[in-house]
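[1] From the sequence below, what's the structure:
(2 chains)
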Amino acid sequence: MASALGSPSAFGQSQFAFMRGNAFEARVKADGGAELLRLVHEKLDARAEPPTSGVVPDLSAVGPEGRTARTALALREATAAGVWTLLDHPLLALEVAGSPAFLEPDAVVVHPDGSWTVVEIKSFPMLDGSADAAKVGAAARQSAVYVLALERVAARLGAEPEGRAGAEGRSAKEDSAEPEGRHAQDSAPAPKVRHTVLLVCPKDFSNLPTASAVDIRKQRSVTRRQLDRLTRIEDIADALPEGTCFSPDLPTPDLTVAVESVPATYAPECLSACELAFHCRDRSRAEGAVTSLGRSLRAELGGLTTVADVLSASRGESGDPTDPAVAALRRAAELRAEALSGGPALHPEASGHAT
Amino acid sequence: MSLITTLARLEAVDTGRAQPLATVRHRHLSDRPLVFVPLTTAGEAGAPLGALVGTDRDAPRLLVVPQPRDRDLRFAFLAELADVVLPYIDSYAEDVEAAERNETDPETGKRVKVEVELCADAPQLIVPSRAGIDFVRLLGRSMRFRRTAEQDPETPHPAPPRVPLLGRWLTHYGERARVPGSSLLLALTDVLSRHWATGQSSLEDQHLGALLAWIDPPDDESGAEAALRAELQRDAKGQLVCPPAGPATDPAFDNKLLAPAIERYDRARTALAAAEDGIEADDRLGELTAAERQIRDLVASRTRPTWDAVWRGLDLLRALPEGAHATDRWTRDRWSFTGHRDRVLAGEPPQPRRDDAVTAANKLATREREQARLEAQEALDDPLVMAGRRLAGEAFAGEVTDVVMAYSEGKRPSPRPLVTVRTDDRPHLGERAKVYRSLGGKPQAAEFVGYEGNGGNGEEQGGYGEEHGGYQSGGALDDNGALVVLRVVDKMGRGKEPETGSVPEKGDLVCFTLFEHEQRGGAKLPDPEETPWTHGGPPGETEATPQLHAPDAVTEEDVL
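    Residues are numbered from 1 along each chain as shown, chains lettered A, B, ... in the order given. This is a model prediction of the structure:
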């Protein structure tokens, strides 16, 4: 759609990165996931019995719904069996803005105590035990979504009719509880989804896997809040004029009008996350919105939202001089002009007799 | 971002050209910098694809790894890089001048002056963008623990000689780049955006092509249009006309041009290895050379535009006069360079993988001190930066309207003249706040007494900065500004009468700052043997350092 609008996105993946990522993931999961299970045991659950041979159930099924159901079944069986189990590319469903979305984590591991861990395999290196913070943050946010989706599955598996809320409340409590406490939960089998995920990365400059436990409680609650607050798709659709269509086959002007009918607030951060960012940026710049220069600017300028407003206020052509934002702006413009014109010798070195 | 910077950005949007953020150049630029434009292979850590490097803008040296996953080819690249960079570094290491340094005498424990060498100039490394600095650090880390055959005959994949040394130097430069105001290793986008405000966000300023387009647009185009072209325009083959400044390459380049070329190279190599006789081998060698040539051309085509852009950016920066204190900070860079030169000469081991607690604390303290120093010096060097501080209520400027001679009480009365300054600024002056002005390059201190016509109670007035409300509330304000009364307290000589020129006179234009001009070092850290074990002191030492310097584990098969 971005291309049809005339502002194609700049996203793409190099086949080198793609090949490398796949090769690394295959290596981590080789031999029935022996290495992966060893890492989970070592980093997350060292008290449990060490994994000898992991179970890797077959998750293939027809269609996304079929695979989701197959995943849920495999999770139930593995939890009941109480042995180390590796689910390779399970499929989970999560409701986003009122419509189901399917998610495919790299792996989910079922511990002998019946708890579940999300495993995220990334191909950026962990150098001397630390990795690029931005990339780790992105991986943590991604895993948080998987954890939320798994919690839905766990809630459904739980026999308790109170369902989701009960399961979540319990898992939060269990975080602080000792492992001994968990056996008591087996009778009320809403399996626990661990809030610490395992991030697996290549070690230093090699392709040997190393792993680190990442606590995603914060990302999980942030994501959950955001998901809860998302405007439902039906509500957005209801607000649209009758007959609005987003087909990329439409002529560009028609499509542009259709896209315009959904309001968007562009900020520079969008560039790294959204395919339509270039389109929104063009719009935002054409409107002269100050936010296109950064969110912080917007906060600084009070009620002035467009470039023209700000500049005319700073020149004293408009704006209320008793408005503190306007007053500060005028003073800033004055000082800037003075410094640039070399005006009165206010440069400390040039002042006084000393020089 | 101060309001003045914000205003500059908005003016840039309005005029279609970048607007100045500084009136002088706040970073030292060497006469002969080494420019380094590296490219890396997507998805691989520390697998360079190629680079342009050199000190001559018309004759860069092109280094290429035709198959980045081949360890030997990577080593060949690094060895070549060392052949360019190390002689450049060495050329600065020998030219020294005598200097003095304070050191603690180990026997008496007293601070004594020691004669030491200080390199007269230091090598300067310029990379296009901040990602380039990270890449320099990554290269340094990947090389410094390598072993050469000479160091360790048993090592399975010996590195070419001098590669570990290059790793140590790049690590040093990468670390130094984290010190605010240092110029040993500069990212051009950072330096340019320090001096110009564009009409785009700081995120978009990381694109060297777009940044230059705003600062120096073509005659018939606005900065915004030129920047958009630099960002997005693609040619008929779908390739960006202005390739990213790296080290990451554009995925479209990887997939459409580079991958087929590397595949051709691999095939040619396999065919050459399978050749059965000399004539066949000759033919296939020809094919291999052609394939390699193709990859070299591709890498050159992606790095040369960036190379030219870097030099263009340097030209723009050189047009600004260097700030007075930039030289002072460069001297600190020379000390840093000399210090590392001495450590290398003394045969010390490479920098450890992780700093111990004491080193880390020292580094952090240095960065904080240098940050404060940088902020003060930039303001003193540049009225435009000072304007930002004045707006924030951290400095004020104005005309001296009155000077009254006064003396301190005590046995030997010293001059303590009262100076009244009329200013339109709204400094955050607390009771008896210290303010400073520059007097012949040295700071002269004064004490805030009060506002004239406001009972001199020294109440805080508030600035324009974050609390805009202060503008309206200042009690002593009228259309002519505020009258600030100050008591000058030092730099007036030892006599009863102040030395000529040491006290401002009526009619002088003065500028006082609320921040100090010179930074004092913090308290010294205790000696290693006094450091508690919680902070890496004894008995932690027994944990031994050798493994910190052990070479990295290597991948068995040669896929990085």
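[2] per-residue pLDDT, the residue nearest the centre of chain A?
    Of all residues in chain A, the one closest to the mean position by C-alpha atoms, centre = their mean is A:Arg141, 3.9 Å from it. Looking at A:Arg141, its pLDDT is 92.
[3] next one: A:Pro50
    On pLDDT, A:Pro50 comes in at 81.
[4] Now do the nearest residue to it once chain neighbours are set aside, the pLDDT please.
    Spatial nearest neighbour of A:Pro50, excluding adjacent residues (C-beta to C-beta, 6 or more residues apart in numbering or on different chains): A:His41 at 5.5 Å. The C-beta positions use only the backbone N, C-alpha and C, and glycine is treated the same way. Per-residue confidence at A:His41 stands at 88 (pLDDT).
[5] The top helix by length along chain A: what's the following helix or strand?
    Counting by DSSP state H, the longest helix found in chain A is helix A:15-44. Where DSSP states H and E defines the elements, the next helix or strand beyond helix A:15-44 is helix A:63-81.
[6] which secondary structure elements does the helix or strand following that following helix contact?
    Using DSSP H and E, the helix or strand that follows helix A:63-81 in sequence is strand A:85-88. Strand A:85-88 sits against helix A:15-44, helix A:63-81, strand A:107-110, with contacts defined as 3 or more C-beta pairs under 8 Å, 6 or more residues apart in numbering or on different chains; DSSP states H and E.
[7] do that again at 10 Å, thanks
    The elements that strand A:85-88 packs onto, with contact taken as 3 or more C-beta pairs under 10 Å, 6 or more residues apart in numbering or on different chains; DSSP states H and E, are helix A:15-44, helix A:63-81, strand A:107-110, strand A:116-121.
[8] Determine how far that strand lies from the middle of the whole chain.
    Distance of strand A:85-88 from its chain centroid, counting by C-alpha atoms, centre = their mean, to the nearest Å, is 23 Å.
[9] Report the buried residues of stretch B:65-81.
    Under the neighbour-count criterion of 16 or more other C-beta atoms under 10 Å in any protein chain shown, stretch B:65-81 has B:65-71, B:73-81 buried.
[10] burial of B:Glu154, as a residue count?
    7 (other C-beta atoms under 10 Å in any protein chain shown).
[11] returning to what we had before: A:Glu49 versus the residue nearest to A:Pro50, what's the distance?
    Per C-beta to C-beta, to the nearest Å, A:His41 is found 8 Å from A:Glu49.
[12] How about A:Val108?
    19 Å.
[13] could you pull out the helices for the stretch 101-250 of chain A?
    If DSSP state H, counting those that start in this stretch is used as the criterion, the helices of the stretch 101-250 of chain A fall at A:133-157, A:163-174, A:180-185, A:217-229, A:233-239.
[14] For those, please prepare JSON lines with the additional fields distance to chain B.
    Listed next are the helices of the stretch 101-250 of chain A as JSON lines, based on distance: least, C-beta to the nearest C-beta, whole Å:
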{"stretch": "helix A:133-157", "distance to chain B": "11"}
{"stretch": "helix A:163-174", "distance to chain B": "32"}
{"stretch": "helix A:180-185", "distance to chain B": "32"}
{"stretch": "helix A:217-229", "distance to chain B": "22"}
{"stretch": "helix A:233-239", "distance to chain B": "27"}
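[15] Among the ones you listed, show me which one is buried the most.
    helix A:133-157 (a mean of 20; mean count of other C-beta atoms under 10 Å in any protein chain shown).
[16] That helix vs helix A:63-81, what angle?
    With axes from the mean of the first three to the mean of the last three C-alpha atoms, to 10 degrees defining the directions, helix A:133-157 sits at 80 degrees from helix A:63-81.
[17] thought the residue nearest to the centre of chain A was touching A:Arg220?
    Yes. Using C-beta atoms under 10 Å, A:Arg141 is in contact with A:Arg220, at 9.3 Å.
[18] which one is residue 336 nearest to, not counting chain neighbours?
    As the question left the chain open, I've gone with chain A. Excluding its sequence neighbours, the residue lying closest to A:Arg336 (C-beta to C-beta, 6+ apart) is B:Ile4, at 5.1 Å.
[19] nope, chain B please
    B:Arg176 is the one closest to B:Ser336 (C-beta to C-beta, 6+ apart), at 5.5 Å.
[20] Show the pLDDT at the one you found.
    pLDDT, B:Arg176: 95.
[21] got it, and the one 10 residues further on?
    B:Leu186 carries a pLDDT value of 96.
[22] Chain A versus the closest residue to B:Ala120 other than its chain neighbours, what's the distance?
    Nearest non-adjacent residue to B:Ala120, counting by C-beta to C-beta, 6+ apart: B:Asp95, 4.6 Å away. B:Asp95 sits 31 Å away from chain A, going by C-beta to the nearest C-beta, to the nearest Å.
[23] my read: B:Asp95 touches B:Pro123, true?
    No. Using C-beta under 10 Å, B:Asp95 is not in contact with B:Pro123, being 11.1 Å away.
[24] show me where pLDDT drops low in the chain?
    In the absence of a named chain, this looks at chain A. Filtered on pLDDT under 70, chain A yields the residue ranges A:159-189, A:343-355.
[25] switch to chain B, that's the one I care about
    By pLDDT under 70, the low-scoring segments of chain B are B:1, B:454-480, B:528, B:536-560.
[26] What is the longest helix along it packed up against?
    Assignment by DSSP H gives helix B:278-318 as the longest helix of chain B. In terms of contacts (3+ C-beta pairs under 10 Å, 6+ apart), helix B:278-318 is packed against strand B:34-40, strand B:48-54, strand B:61-64, strand B:125-127, helix B:188-195, helix B:208-215, helix B:251-253, helix B:259-273.
[27] so how far is the fifth one from its chain's centroid?
    Between the mean C-alpha point of helix B:188-195 and the mean C-alpha point of its chain there is a distance of 10 Å (C-alpha atoms, centre = their mean).
[28] before we move on, back to that, could you pull out the buried residues of the helix or strand encompassing the residue nearest to A:Arg336?
    Per DSSP H and E, B:Ile4 falls inside helix B:3-15. Buried residues in helix B:3-15, counted by 16+ other C-beta under 10 Å: B:3-13.
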